[in-house]
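Q: Show me the folded form of this:
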Amino acid sequence: MRIALLAAALLASPLALADDRPPFAVVELFTSEGCSSCPPADRLMKQVHDAVSANGQRVYCLAYHVDYWDRLGWRDRFSDPAHSRRQSLYAHARGSDRVYTPQVIVNGRDAFVGSNRAKTQHAIAEALMQAATSSVGITLKIDDDHLTVDYAVADAPPEAVLNVALVESNLSTDVRRGENAGRTLHHAPVVRVFQTIDLPGDDAEGRTTLTLPPDTRPEHTAVIAFVQSTDTLHIHGADRAALPAE
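A: Numbers count the residues shown, from 1 in each chain. Next comes the predicted model:
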């Protein structure tokens, strides 16, 4: 029932405006396997991902596993200090040094507790009412453990970057210690690789290469690329592409 209600709420938002750049929502979750408050947020994000995957909406879900919980009894196998630093950048952009899990940030603007279903629905619905201001397009080519990403960006704001994230869905972990000891956690799409590319101007084309983690399952993996301002951290356009068959 909850999944159906969530899908209905998202479908109520307009998916395309008169503009030739349809709206989008980049939904970033900061989470950890060592945090007992995080599983509800992961479940909610997974429900969002499953709902939008079924109807083709431009809602892109990314779960960053932070590392500051690792010293408290359980080391999250997906944790990365770079994810913690990214969350701190968001805090600093808002004039704060406070970070917490679970936290959701939508399009680099709205930030709130990640398990709050009402705020999640509202923030996504609001994002889907605004046309993108930058266009992003990506194509992928896979060769063994390397993934080539060709990208094209138009109308990026000054001093913007292109973030390229490899995300994998349908991952789970049996947690043996820490706050979630004895639980099997089912994750929202996990960020496995993250790369930031400086853009030389408002229009740019280029190519980058990502190294796939050895345990990556291509059939459950995609790349999400999005243009982001380096000062406000607002996100201006995004695209997603599933990994091609080898």
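Q: Now for the residue nearest the centre of the chain: which residues touch it?
A: Centroid-nearest residue in the chain: Leu62, 2.1 Å away (criterion: C-alpha atoms, centre = their mean). Each residue near Leu62 by C-beta atoms under 8 Å, 6 or more residues apart in numbering is listed here: Val26, Val27, Glu28, Leu29, Ala165, Val167, Pro189, Val191, Ile224. For glycine as for every other residue, the C-beta is placed from the backbone atoms N, C-alpha and C.
Q: Could you report the neighbour count for the third one?
A: Around Glu28 there are 26 other residues, counting by other C-beta atoms under 10 Å.
Q: Kindly report the same for the second one.
A: A total of 25 residues lie near Val27 under the criterion other C-beta under 10 Å.
Q: Bridge partners for it, pull those for me.
A: Counting by DSSP bridges, Val27 is bridged to Cys61, Val106.
Q: for it, what are its contacts?
A: Shown in contact with Val27 (C-beta under 8 Å, 6+ apart): Met45, Val48, Val59, Tyr60, Cys61, Leu62, Val104, Ile105, Val106, Thr120, Ala123, Ile124.
Q: quick one, strands of the protein?
A: Secondary structure of the chain (DSSP state E): strands at 25-31, 59-65, 103-106, 110-113, 135-143, 146-154, 160-168, 172-174, 184-186, 190-198, 204-211, 221-229, 235-242.
Q: how about the ones you listed in TSV, adding distance to Tyr90 and mean pLDDT?
A: Shown next, in TSV, are these (distance: least, C-beta to C-beta, whole Å; pLDDT from 0 to 100):
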stretch	distance to Tyr90	mean pLDDT
strand 25-31	8	98
strand 59-65	10	98
strand 103-106	6	98
strand 110-113	7	97
strand 135-143	20	96
strand 146-154	22	97
strand 160-168	13	98
strand 172-174	25	98
strand 184-186	24	98
strand 190-198	14	98
strand 204-211	23	97
strand 221-229	11	98
strand 235-242	11	97
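Q: got those strands as a markdown table, with distance to His92 columns?
A: Putting the strands of the chain into a markdown table (distance: least, C-beta to C-beta, whole Å) gives the following:
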| stretch | distance to His92 |
| --- | --- |
| strand 25-31 | 14 |
| strand 59-65 | 16 |
| strand 103-106 | 13 |
| strand 110-113 | 12 |
| strand 135-143 | 25 |
| strand 146-154 | 25 |
| strand 160-168 | 16 |
| strand 172-174 | 30 |
| strand 184-186 | 29 |
| strand 190-198 | 16 |
| strand 204-211 | 26 |
| strand 221-229 | 14 |
| strand 235-242 | 17 |
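Q: Show me the one of those that comes nearest Ala82.
A: Taking C-beta to C-beta, strand 190-198 is the member of the strands of the chain nearest to Ala82, at 6.5 Å.
Q: Summarise which helices and strands the closest one is packed against.
A: Other elements packing on strand 190-198 under the criterion 3 or more C-beta pairs under 8 Å, 6 or more residues apart in numbering; DSSP states H and E are strand 59-65, helix 81-93, strand 160-168, strand 204-211.
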